[in-house]
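Novice: Would you be able to build a 3D model of this:
(one chain, ligands or ions: 1)
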Amino acid sequence: MARRKKIYEGKAKILYEGPEPGTIVQYFKDDATAFNAEKKATIEGKGVLNNRLSEFFMTGLNNIGVPTHFLKRLNMREQLVRSCEIIPLEIIVRNFAAGSLSKRLGIEEGTALPRPIVEYCYKDDKLGDPLVTEEHIAAFGWATQQDMDDILSLALRVNDYMSGLMYGVGIKLIDFKIEIGRVYDGDFQRLVVADEISPDSCRLWDLETGQKLDKDVFRRDLGSLTDAYTEVAKRLGVLPKSGGHSKPTLIN
Ligand code: TMP
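Specialist: This next block holds a predicted model:
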């Protein structure tokens, strides 16, 4: 088989040129980083779990009419996605206070917010992805006002979908981050949910115990990240519930 062309390597994923124009192969690595890559580890099985979980969430979103870049899963670590131009923003939606919001505003983690709060960070590792306002986004031309209206609507639809899905399996969606891409259909441009949705980019707490089932387990040294992600996958029916394996055993 001919060697594929690598397009980009990030902290948790590698992008390769896809088999057809307009497609990309997204490869999920086992690497975990936190605090802008100050903390690093390789966690066996994380890439396999995130590939499967992101497939699950993106497929659900596609099925309810929220457009995403996801086309199909190719194998344990790879998925085929539509090539898109990533808007250089991290879009964060928060339902409960946690993480940087709690720190910044002195609100105890877990406090319910009066309404979902949407924040934007400028994607730039050198700057540590700083929080920005819509004023910055418009002034520097990262997105238009129409884009911002569409981004907000997509972010809130993803929030409703993910919150309900998680609630159904006894998990509270505290917050999450998404990225949005532009795809071109002829002369038309539309926005789609891109990158990944996985426990790397969400905060997920057990509804009853408050146990963390997301990347905070790694950020804060709270135990096995693979066990936490496996628990999420099992509850969602992405992995078989029985068996007691801590390593991902995938069903198709
Ligand atoms: P924060 O509280 O650290 O700002 O994080 C908010 C949400 O965004 C949380 O679910 C984790 C996610 N996130 C990422 O996906 N990537 C990042 O680089 C950061 C800082 C947070």
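Novice: what's the burial count for residue 216?
Specialist: Residues within reach of residue 216, counting by other C-beta atoms under 10 Å, total 22. Every C-beta, even on glycine, is put in place using the N, C-alpha and C of the backbone.
Novice: looking at it, it is touching residue 202, isn't it?
Specialist: No: counting by C-beta atoms under 8 Å, residue 216 stays clear of residue 202, with 10.0 Å between them.
Novice: which helix of the chain spans the most residues?
Specialist: Among the segments of the chain that qualify as a helix by DSSP state H, the longest is helix 145-167.
Novice: what's it packed up against?
Specialist: helix 46-63, strand 89-96, strand 112-122, helix 134-139, strand 171-185, strand 188-194 (3 or more C-beta pairs under 8 Å, 6 or more residues apart in numbering; DSSP states H and E).
Novice: Point out the other elements, helices or strands, that the third one touches.
Specialist: With contacts defined as 3+ C-beta pairs under 8 Å, 6+ apart, the packing partners of strand 112-122 are strand 89-96, strand 131-132, helix 134-139, helix 145-167.
Novice: now the angle between strand 89-96 and it, please.
Specialist: On the basis of axes from the mean of the first three to the mean of the last three C-alpha atoms, to 10 degrees, strand 112-122 is oriented at 170 degrees to strand 89-96.
Novice: How about the fifth one?
Specialist: Between the axis of strand 171-185 and that of strand 89-96 there is an angle of 150 degrees, by the same axes, to 10 degrees.
Novice: Check which residues of strand 171-185 are buried.
Specialist: 171-181, 183 (16 or more other C-beta atoms under 10 Å).
Novice: Looking at the stretch 1-150 of the chain, which residue is nearest the ligand?
Specialist: Distances between the stretch 1-150 of the chain and the ligand by C-beta to the nearest ligand atom are smallest at residue 99, namely 2.2 Å.
Novice: check contacts around that residue.
Specialist: Residues in contact with residue 99 (C-beta atoms under 8 Å, 6 or more residues apart in numbering) are 109, 175, 203, 216.
Novice: Could you do residue 152 as well?
Specialist: Residue 152 neighbours (C-beta under 8 Å, 6+ apart): residue 118.
Novice: pLDDT value on it, please?
Specialist: What the model reports as pLDDT for residue 152 is 98.
Novice: ok, now residue 241?
Specialist: 71.
Novice: contacting residues around it?
Specialist: Contacts of residue 241 (C-beta under 8 Å, 6+ apart): 234-235.
Novice: wouldn't residue 71 be in contact with residue 78 here?
Specialist: No: using C-beta under 8 Å, residue 71 and residue 78 do not qualify as a contacting pair, with a distance of 11.4 Å.
Novice: For residue 125, which non-adjacent residue is spatially closest?
Specialist: The shortest distance from residue 125 to any non-neighbouring residue, by C-beta to C-beta, 6 or more residues apart in numbering, is to residue 36 (6.2 Å).
Novice: Return the residues of the chain in contact with the ligand.
Specialist: By C-beta under 6 Å from any ligand atom, the part of the chain that sits against the ligand consists of 92, 98-101, 129, 175-177, 201-203.
Novice: picking that back up, how confident was the prediction at the residue nearest to residue 125?
Specialist: Residue 36 carries a pLDDT score of 93 in this model.
Novice: could you list every residue that touches it?
Specialist: Residue 36 neighbours (C-beta under 8 Å, 6+ apart): 125, 128-129.
Novice: Kindly indicate the member of those residues with the most neighbours.
Specialist: Busiest of those [other C-beta under 10 Å] is residue 129, holding 17 neighbours.
Novice: Just give me the neighbour total for the residue lying closest to that one once chain neighbours are set aside.
Specialist: Distances taken as C-beta to C-beta, 6+ apart place residue 121 nearest to residue 129, at 4.4 Å, with adjacent residues excluded. Using other C-beta under 10 Å as the criterion, residue 121 is surrounded by 18 other residues.
Novice: sorry, back to before: how about a markdown table for the contacts of residue 99, with secondary structure added?
Specialist: Shown next, in a markdown table, are the contacts of residue 99 (DSSP: H, G, I helix; E, B strand; the rest coil):
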| residue | secondary structure |
| --- | --- |
| 109 | coil |
| 175 | strand |
| 203 | strand |
| 216 | helix |
